[in-house]
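K.L.:
Sequence first, then the predicted structure:
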Amino acid sequence: MSHRRALALMVLITLLWSMAGVVSRHLEQAGSFEVTFWRSLFNAVTLSIALTLIRGPRLWRTLLHAPWPVWFSAVCWSVMFTAFMVAITLTTVANVLVTMAVGPLITALFARIFLRHRLPIRTWLAIAAAGLGIAWMFGQEAGSGLSLTGTLVALAVPLAAALNFTMLQHVGHGPADPAKATRQDMLPAVLIGAVLSALYTLPFALPFQASTHDLVLLAMLGSVQLALPCLLLVRVSRELPAPEIALLGLLEVVFGVSWAWLGAGETPGASTLTGGALVLGALVANEALALLGRHGKRPPGAASAG
């Protein structure tokens, strides 16, 4: 997969992820933990079907005997799946997204500490600029609906995501297994994570109150908004470094505002447009500089084009 195609897929991933907030605001009766349970359950069902088609029956024979990186990633996925939807029912969507904006910085730090990655200055500057843009975008909204509990729950999302991206990066770019001549398959971790999330929240989801309308929306969230982009993310993690994935993930915030505008009639104000422009500018500048850097490197002995 080319770098350009990986970038396009990452944009698609963030676009799909960004639907969660606006869709959850159209639910009628489902409560906090019930919302999380049904989304995770539909996510698990979708992943079971997709991975069985991709991997075949051997998927189920090897699932329980998966090595520790798969289970580590699965726990991270389960925390991400659970904490995001619980937080979004405890506080405003804006406050959750502002909290998640620290994700690229945490990911960059984890990549530096655990993977010994040396990050270019442009990446640090882009992270700072994008974080500033998001803080500017949602400052007033978050201030009016601040919930300490919701914020603390939301903070678990970027922490788990940073650990997960770092592990996926390590496995995706690590040496091949000499016995199997292949790298560790991390797709089952998404399925295990979805099952764990459903198990976490089931006791708190009872008795069920979701209407048929709610179940249709939650089925869409579990399959299209969650299962599909998570499968794509595992593939993209082989091509893009973890800090770059986390930085591009900030597009979820910008897209989330657009979904709210189109789907809930929330017209973005001047501060939202200014912050969104700053976020997009940081992303475009970082990718443009990276592209120029790659084109500027010539293989040894390459002739000049002049």
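P.N.:
Received, thanks.

K.L.:
give me phi/psi at residue 57?
P.N.:
When read as degrees, to the nearest 10, the backbone of residue 57 gives phi -60, psi -20.

K.L.:
er, residue 240 I mean
P.N.:
Per degrees, to the nearest 10, the backbone of residue 240 is at phi -110, psi 140.

K.L.:
Could you check the pLDDT of residue 4?
P.N.:
Residue 4 is assigned 85 on the pLDDT scale.

K.L.:
Just say helix, strand or coil for it.
P.N.:
In three-state terms, and counting by DSSP: H, G, I helix; E, B strand; the rest coil, residue 4 is helix.

K.L.:
Against residue 10, how distant is it?
P.N.:
Distance, residue 4 to residue 10, by C-beta to C-beta, to the nearest Å: 11 Å. The C-beta positions use only the backbone N, C-alpha and C, and glycine is treated the same way.

K.L.:
Looks to me like residue 117 is in a helix.
P.N.:
No: per three-state DSSP, residue 117 lies outside any helix segment and is coil.

K.L.:
Tell me which residues touch it, please.
P.N.:
111, 241, 242, 243 (C-beta atoms under 8 Å, 6 or more residues apart in numbering).

K.L.:
Disregarding residues adjacent in the polypeptide, which is nearest to the last one?
P.N.:
Right, residue 243. residue 108 (4.2 Å; C-beta to C-beta, 6 or more residues apart in numbering).

K.L.:
List the contacts of the one you found.
P.N.:
So residue 108 contacts 119, 123, 124, 127, 242, 243, 246 (C-beta under 8 Å, 6+ apart).

K.L.:
which of the residues you listed count as buried?
P.N.:
123, 127, 242, 243, 246 (16 or more other C-beta atoms under 10 Å).

K.L.:
In helices only, show me the residues you listed.
P.N.:
The helices, defined by DSSP state H, take in 123, 127, 242, 243, 246 from these.

K.L.:
Next, give me the two most distant ones among those residues.
P.N.:
127 and 242 (12.3 Å; C-beta to C-beta).

K.L.:
On the pLDDT front, check the residue nearest to residue 243 for me.
P.N.:
77.

K.L.:
what does residue 102 give?
P.N.:
Residue 102 is assigned a predicted lDDT (pLDDT) of 77.

K.L.:
how close does the closest residue to it other than its chain neighbours get to residue 57?
P.N.:
Among residues not flanking residue 102 along the chain, residue 158 sits closest, at 5.3 Å (C-beta to C-beta, 6+ apart). Separation of residue 158 from residue 57 (C-beta to C-beta) stands at 36 Å.

K.L.:
which of those two has more neighbours?
P.N.:
residue 158 (22 against 7; other C-beta atoms under 10 Å).

K.L.:
which SS class is the more buried one?
P.N.:
helix.
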